[in-house]
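Colleague: Structure for the following, please:
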Amino acid sequence: MGRKERVTPTVYVSVDVEADGPIPGPYSMVSFGAVVAGWHDGESLRRPGTGAAAFYRELRPISPEYDPEALAVSGLDRAALEAEGADPGAAMRAFGHWVEGVRNGPDGRRYRPVMVGYPAVYDWQFLYWYLVRFTGSSPFGHSGCLDLKTLYAARAGVPFAGIGKRSMPPELLPDLPHTHHALDDAREQAELFANLWEWAGPTGRPE
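Modeller: Below you'll find the predicted structure:
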């Protein structure tokens, strides 16, 4: 069997979550943004370019509990979210439909979706929990998640502990700002992902 026959074309979806506490359930996801980071057909990554498909929602809290410091990071107002935030179930169903749409690649093929995050563990736990809680399933399955810190550690050949954007080479860093607005940060992550994927690796490191 040839290599191409074993490859599953993959669309990478950068997702950023803002929440009002450390874990879903007792605390709420207050907003999330997603953007297509690229399609990989088994040979090369195709960046979406300007105007990449995007999704954003601000959500009504699901619990009276919240950490004021965590909520302050997002800059969102809790009273406004309680009054005007999207219904979580409706938002997650709409997101599932959006993911299904971006599975249609620019070459006409169907791509398998994988979430990208930095770091993925926080964003994934909220997104997966909300998808399963409110829709019964996740378009990414139970493990379709790629952590950019782990990807960098593997590509650079450095220990995971202590990795931060300041420790990365300048050529990897996105030109976009990190604002703590979920859609802005999803776009920033998407650029970091594509830069990392195409990166030749650190110069001068023994193979």
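Colleague: Now do the helices in this protein.
Modeller: For the chain, helices defined by DSSP state H occupy the ranges 3-6, 68-74, 78-84, 88-102, 120-135, 148-156, 182-198.
Colleague: Those helices: which one's closest to residue 108?
Modeller: Of all the helices of the chain, helix 88-102 sits nearest to residue 108, with 13.7 Å by Cβ to Cβ. No exception for glycine: its C-beta is placed from N, CA and C like everyone else's.
Colleague: Could I get the buried residue list for that closest one?
Modeller: Under the neighbour-count criterion of 16 or more other Cβ atoms under 10 Å, helix 88-102 has 88, 91-92, 95-96, 98-99, 102 buried.
Colleague: Lowest mean pLDDT among the helices and strands of the protein, which one is it?
Modeller: Of all the helices and strands that make up the chain, helix 3-6 has the lowest average by mean pLDDT, DSSP states H and E, namely a mean of 58.
Colleague: Which strands and helices lie in contact with the top strand by length along the chain?
Modeller: Longest strand of the chain, by residue count under DSSP state E: strand 29-40. With contacts defined as 3 or more Cβ pairs under 8 Å, 6 or more residues apart in numbering; DSSP states H and E, strand 29-40 has these neighbours: strand 10-19, strand 45-46, strand 54-58, helix 68-74, helix 88-102, helix 120-135, helix 182-198.
Colleague: Can I get it in CSV? Just the C-alpha atoms.
Modeller: Only the C-alpha atoms of strand 29-40 are listed here, as CSV (Å, rounded to 0.1, in the frame of the first residue of the first chain):
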residue,chain,number,x,y,z
MET,A,29,-16.5,29.1,29.1
VAL,A,30,-17.3,32.8,28.4
SER,A,31,-16.1,33.0,24.8
PHE,A,32,-14.3,31.0,22.2
GLY,A,33,-12.9,31.7,18.8
ALA,A,34,-11.8,29.3,16.0
VAL,A,35,-10.1,29.8,12.6
VAL,A,36,-8.8,27.4,10.0
ALA,A,37,-5.0,27.2,10.4
GLY,A,38,-4.4,25.0,7.3
TRP,A,39,-5.2,21.9,5.3
HIS,A,40,-2.6,19.1,5.1
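Colleague: list the buried ones in that strand?
Modeller: Neighbour-count burial for strand 29-40, counted by 16+ other Cβ under 10 Å, picks out 29-40.
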